Every structure is written in C-alpha cells, then in structure tokens.
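A structural model of the following input is requested.
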Amino acid sequence: MKSFYLNDEPSAPVELDTRESAASLNAMHGLLLVVTLIVVFGLTMLYSASYNTDGLKYFRNQIIWAVMGGTGGAVAFLIGYRKLASWSTILMGGAFLLLLVAAFCFPSINGANRWIKFRLPGMEMTLQPSEFAKIAVALFVAKYCSENIRTFNHLRGKRGILPLLGITGAVVCGILIGRDFGTTALVMTMAVAIAVMAGLRWYYLAIPAVFAGMAALYVVLFDSNRLSRVTTFLRPEETRSGGGYQLWNSLLAFGSGGWTGVGFMESRLKQKYLPEQHTDFILSIVGEELGLIGMLFVLALYVCFTWFGLRISMNSRSRLGMLLGCGLTLGITLQAAINIAVVTGAAPTKGMPAAFISYGGSNIMASLIAVGILSSIAFDNVCPNYNVQYMSAIRSKLWFLPGNRQFRKNREES
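Numbering: from 1, shown residues only. Modelled structure (predicted):
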C-alpha cells in the first residue's frame, strides 16, 4: 500500500492498493490502444469512402481534426478531471450559449440548426456545440451528484434535485431547439444514468419520461419529416425510391459484402448511390468492402472500449471519477450502438455519427477529449493530484511568460 497526501486535504492520507493502481494503468493503456486503432481504422475507411467522389478533402480535414482532438484530450488530461469538474457550471453556460447561437444565428442544414460555421486558414470549420455539450453535462451531473450525495434527492433546498434539473434541462432544451432529437435523447439518457448510479430515486424518472412523451407527441403531430423516418425504417423495400432510399442502399451494401467483403476501395454503393457514405453511413461501406468480418472487428473495438472505460471508472478512488467515467463511456458506447442500429435497419434513420470513425470534426474532437478525461481518471488512481505536479513543471519551464515569472521566483525561494 502507498500513502499520498492530497494538496487540499494534507491531514488525510490516501491509501492506494498497488493492484488496483496497476489495473487502472493497464486499463488506460488498453483504452488508448483501442482508441488509436479505431481512429486509424476510421481514417482508412474514410479515405476509401470519399476518395473517388471528393479526393483527399475529407481525409485531410479528418486528420487535422483528429490531431486537434488528440491535443484537446492531452490538455484535458493535464488539467485533470477534478479541475474540469469544478468548471462544469461555467462549461454548461458556455455550451448553452453556443447552442443558442447555432439555433438562431446560423442557417439550418438538412432541417436542423446544429452547426456554427467559421473559417480557419486553409479550411472551413463547422462546429457542432451539442457534441461538446455532452461532455459538459457529464461533468456537471457527476460533480453535482457526488458533492450532494445526501441531498440531491430532496425536492427542496439549494442542493436538491431542482438545481440539477434546471441547469441540465436548460442545456437539453438548447439541443432540442436546434432540432437535434437524437443527441437530445442521448444526453438525457447519459444524465439520467449518472444520477441513477449516484442513487436517484426511481420516481424522479417520470420527469424524463414526460419529456420523451412530449417529444414523441411533437414528432407525430408537427414533424412529418421525422415521422416518416420512424415509419419508413419498418418497410424500407416499399419506400426505397422515397424516404427509405438511404436505408435500402445501406442494406444493399451489407448484403453485397457477405462474409469477407468486395475488397478495400471496391465499394459500388459509394458511387453516388448511398448518401452520407462518409459520415453517418460509413459503416455501410465497411460492411460492403470488408464484409461481416470487418463489422465484427468494429464491434470488438467498441466492446473493448466499453470494457476498459468501465474498468477505469469502477477502479476510481473517488465517487466523482466513477460517475463521470461511467457517464462518458456510456455516452460514446450508446452513440456507436445507435449508429450501428441505424445503418442495419434496426432503428429509424438518425443523424448520429459512428464514434471515432465517421467524418466530422466536432464528433472526433469531443470523443478524444472524453478519452483524455477517462485517462485522467485512471492516472489519478495511480498518482493522486498528478496534474498539480505536471502543471507546476510546465509553468516553471515557461517562466518567461507574463504571470509566470513570479511563480518561478517563489518556487526558487521555497
């Protein structure tokens, strides 16, 4: 057993089981290896899915976004999940403002107001705030429930259920205003799951059930486009020239692939037959070119990701780490499961990308930041408050920057 003292609790030693520490470190290494494999596999399949129609445009952009996401994940790791959680209220406010900007200040794309467009040198960037809102919601709900574990079930009080519902509900409504029903359902499921793991009383589940019922009623009465998505997936062969065109061609791609596929770069359905073949339906190209074996490989990678993410979470030495890790792991796993269900016709067509694989900057950046937070949870189990030591070392190296000179002087005097 090793003893460490937390900086904020110098009188209370933290006893670490070396076996649990080793398990956390191994799980982190496994998680990083699996994520690396998924990202490389996704880049390879994106090259195949888009090269014949768009050249290297999407492939080049995805590499840039993957590097940006990896950098964001490294920054999240250095900051540490505890510090990020302490900023969760500010992050929720920022996410809410960005969601409103996307909903009211930018034109809709495919009937939804989810994106903020701006230009970077050499490329046009499209930011989807709802992807980053998922991380903010996970941080906030996990932080709130872990800090108020004895009171968050109370209906009254500043630390009861109402502040949790109010702040989380505001961000969820911001996503809903942008007509992103899939992400709305995903974020609600993730938030409820974190609260249930923290001990939420079951009768409070009636609140998200009411919201889900209201959303379903809205779709039935006022949104014929999404209602058609719900009905066409049940009989895609009858609507293959209309609303079921995309799903029908996706099923044709899987059927053409068989066991081993038609070969890498040899897909026929990507030649303008299958819409969104590089984004939401990229796994259809995987099924056609690599067959059932390729899809089983993708499933195995996602299962391994879930296993390592949950192992990191359950080995966490803090309730915050456990709740946050499980929430982030569930969010990414559920997103992947929904995408697989959509492309195989097991669920209505929904704009839900395959995590780490589909083309999209916001998706891969948010996912890699989540991986950085999971790595922080794992490493904190091995070396408590590691981020304080790392940030001190970085600041001492950057002594020449404004604000750091006094820090270096104080450190040398001490």
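
Only C-alpha atoms from now on, for both contacts and neighbour counts.
Will do.

This structure: strands as residue ranges?
2-6, 9-16, 116-120, 123-127 (DSSP state E).

Return the member of those strands having the minimum mean pLDDT.
Mean pLDDT values for these show the minimum at strand 2-6, a mean of 36.

so how far is the longest helix along the chain from its chain's centroid?
Ordering each helix of the chain by length in residues (DSSP state H) puts helix 18-54 first. Helix 18-54 has its C-alpha centroid displaced from the chain centroid by 14 Å (CA atoms, centre = their mean, to the nearest Å).

Mind giving me the packing neighbours of it?
The contact analysis (3 or more CA pairs under 8 Å, 6 or more residues apart in numbering; DSSP states H and E) places helix 18-54 against helix 57-79, helix 282-314, helix 361-382.

Select, out of these, the one closest to Q389.
Q389 lies closest to helix 57-79 among these, at 9.6 Å (CA to CA).

Against which helices or strands is that closest one packed?
When contacts are defined as 3+ CA pairs under 8 Å, 6+ apart, helix 57-79 packs onto helix 18-54, helix 361-382, helix 386-397.

Redo the ones you listed as CSV? Include mean pLDDT.
Listed next are those as CSV, based on pLDDT from 0 to 100:
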stretch, mean pLDDT
helix 18-54, 89
helix 361-382, 94
helix 386-397, 68
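
Please identify the most buried of those helices.
helix 361-382 (a mean of 27; mean count of other CA atoms under 10 Å).

give me the low-pLDDT residue ranges for this protein?
For the chain, the stretches flagged by pLDDT under 70 are 1-17, 121-123, 215-216, 218-230, 390-414.

mind running it again at 50?
Residue ranges of the chain with pLDDT under 50: 1-15.

What about A212, how many residues nearby?
15 (other CA atoms under 10 Å).

how many other residues sit next to the residue lying closest to L205 once chain neighbours are set aside?
Excluding its sequence neighbours, the residue lying closest to L205 (CA to CA, 6 or more residues apart in numbering) is V192, at 7.7 Å. Residues lying near V192 (other CA under 10 Å) number 18.

try S256
The number of residues packed near S256 is 19, by other CA under 10 Å.

Same check on the one 10 residues further on?
One way to gauge burial is a neighbour count; for E266, by other CA under 10 Å, it gives 15.

Need phi/psi at it.
Taking degrees, to the nearest 10, you get phi -100, psi 10 for the backbone angles of E266.

can you give me the helices for the stretch 101-250 of the chain?
When assigned using DSSP state H, counting those that start in this stretch, the helices of the stretch 101-250 of the chain occupy the ranges 129-147, 161-177, 181-198, 206-222, 224-232, 245-257.

hey, which of the ones you listed is tucked in deepest?
Comparing those by mean neighbour count (mean count of other CA under 10 Å), helix 129-147 ranks first with a mean of 25.

Give me the contacts around that one.
With contact meaning CA atoms under 8 Å, 6 or more residues apart in numbering, helix 129-147 is reached by 84-86, 88-89, 91-92, 95-96, 98-99, 102, 114-116, 152, 164, 168, 171, 175, 183, 187, 190-191, 194-195, 198, 319-320, 323-324, 327-328, 331, 362-363, 366, 370.

Excluding sequence neighbours, find me the nearest residue to T329.
G309 (5.6 Å).

whoops, S256 was the one
E288 (5.7 Å).

what's the spacing between I373 and T329?
11 Å (CA to CA, to the nearest Å).

and what of V286?
The value you get for V286 to T329, if CA to CA is used, is 23 Å.

now swap in T44 and tell me
24 Å.

Equivalent analysis for L320, please.
From L320 over to T329 (counting by CA to CA), the distance is 14 Å.

Same check on R201?
Relative to T329, and taking CA to CA, R201 is found at 23 Å.

Which of the helices and strands packed on helix 57-79 sits closest to G345?
Nearest to G345 among the helices and strands packed on helix 57-79 is helix 18-54 (20.1 Å), distances taken as CA to CA.

sorry, back to before: can you say which of the helices of the stretch 101-250 of the chain is nearest to A378?
Closest approach to A378 among the helices of the stretch 101-250 of the chain is made by helix 129-147 (15.9 Å; CA to CA).

can I get the CA coordinates of that closest one in PDB?
What follows is helix 129-147, C-alpha atoms only, in PDB (Å, rounded to 0.1, in the frame of the first residue of the first chain):
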ATOM      1  CA  PRO A 129     -21.900  22.600 -30.000                       C
ATOM      2  CA  SER A 130     -24.100  19.600 -28.900                       C
ATOM      3  CA  GLU A 131     -21.100  17.300 -29.200                       C
ATOM      4  CA  PHE A 132     -19.200  19.300 -26.600                       C
ATOM      5  CA  ALA A 133     -22.400  19.800 -24.500                       C
ATOM      6  CA  LYS A 134     -22.400  16.100 -23.800                       C
ATOM      7  CA  ILE A 135     -19.100  16.400 -22.000                       C
ATOM      8  CA  ALA A 136     -20.300  19.500 -20.100                       C
ATOM      9  CA  VAL A 137     -23.400  17.700 -19.000                       C
ATOM     10  CA  ALA A 138     -21.500  14.600 -17.900                       C
ATOM     11  CA  LEU A 139     -19.100  16.800 -15.800                       C
ATOM     12  CA  PHE A 140     -21.900  18.800 -14.200                       C
ATOM     13  CA  VAL A 141     -24.200  15.900 -13.300                       C
ATOM     14  CA  ALA A 142     -21.300  13.800 -11.900                       C
ATOM     15  CA  LYS A 143     -20.000  16.800  -9.900                       C
ATOM     16  CA  TYR A 144     -23.400  17.800  -8.600                       C
ATOM     17  CA  CYS A 145     -24.400  14.300  -7.600                       C
ATOM     18  CA  SER A 146     -21.100  13.400  -6.000                       C
ATOM     19  CA  GLU A 147     -20.900  16.600  -3.900                       C
END
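
begin at 602 from here
Let's use 602 as the start, then, which means that last one is helix 730-748.

Check the offset of it from the chain's centre.
Using CA atoms, centre = their mean, the offset of helix 730-748 from its chain centre is 11 Å.

Just want the angle from that helix to helix 782-799.
10 degrees (axes from the mean of the first three to the mean of the last three CA atoms, to 10 degrees).

angle of helix 730-748 against helix 962-983?
Going by the same axes, to 10 degrees, helix 730-748 makes 30 degrees with helix 962-983.

For the residue nearest to L806, give its distance to L626.
Taking CA to CA, one finds V793 at 29 Å from L626.
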